[in-house]
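Visitor: What would the 3D arrangement of this be:
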Amino acid sequence: ADLTAECEDVERFIDEVGGIDYLVLGMGMNGHIALNEPGSTFSSRARAVSLDDTTRRVGQKYFDGPTALTGGVTLGVADLCAARRIAVAIYGAHKADAARAAVEGAISEELPASAPRRVGALYVFDEAAASLLSRAGS
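Guide: Next comes the predicted model:
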């Protein structure tokens, strides 16, 4: 009922257990990670968020019929990047453009999946998602 209090509880729990040891993230088609949509600040913490149109549309695959998706609760980019080890998984040709931008483009709040690069995250691709990388095949 109180999302702000829930997010504060999550932050407190992470602190109490000494942080996140290993974090595995998937990247969305628009470059989001953990519902941190394009434009999420790198200093963001756990919070309720509004979903990007792409996430609303793609998220329909998780439901049996049309479902109104408007928001969610997520750890913030700062929470994610504070993990001791991070892996970002990117799969599918439909994510190839965003994959290239996330690992070879500018690190930008417009592409949250680029933020883990600042802390040495591992990016894992299938061949299709890696197809546009300049280092593909090397």
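Visitor: which residue ranges form the helices in this protein?
Guide: Along the chain, the segments classed as helices by DSSP state H run 3-16, 53-58, 77-81, 96-104.
Visitor: need those helices in a markdown table with mean pLDDT, can you?
Guide: Output for those, formatted as a markdown table (pLDDT from 0 to 100):
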| stretch | mean pLDDT |
| --- | --- |
| helix 3-16 | 97 |
| helix 53-58 | 93 |
| helix 77-81 | 98 |
| helix 96-104 | 97 |
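Visitor: so how many other residues sit close to G76?
Guide: 23 (other C-beta atoms under 10 Å). For every residue, glycine as well, the C-beta is placed using N, CA and C.
Visitor: how near is the closest residue to it other than its chain neighbours to T67?
Guide: Once flanking residues are discounted, G76 sits nearest to S44: 3.3 Å by C-beta to C-beta, 6 or more residues apart in numbering. The gap separating S44 from T67 is 25 Å, by C-beta to C-beta, to the nearest Å.
Visitor: Having no further points to raise, I will conclude here.
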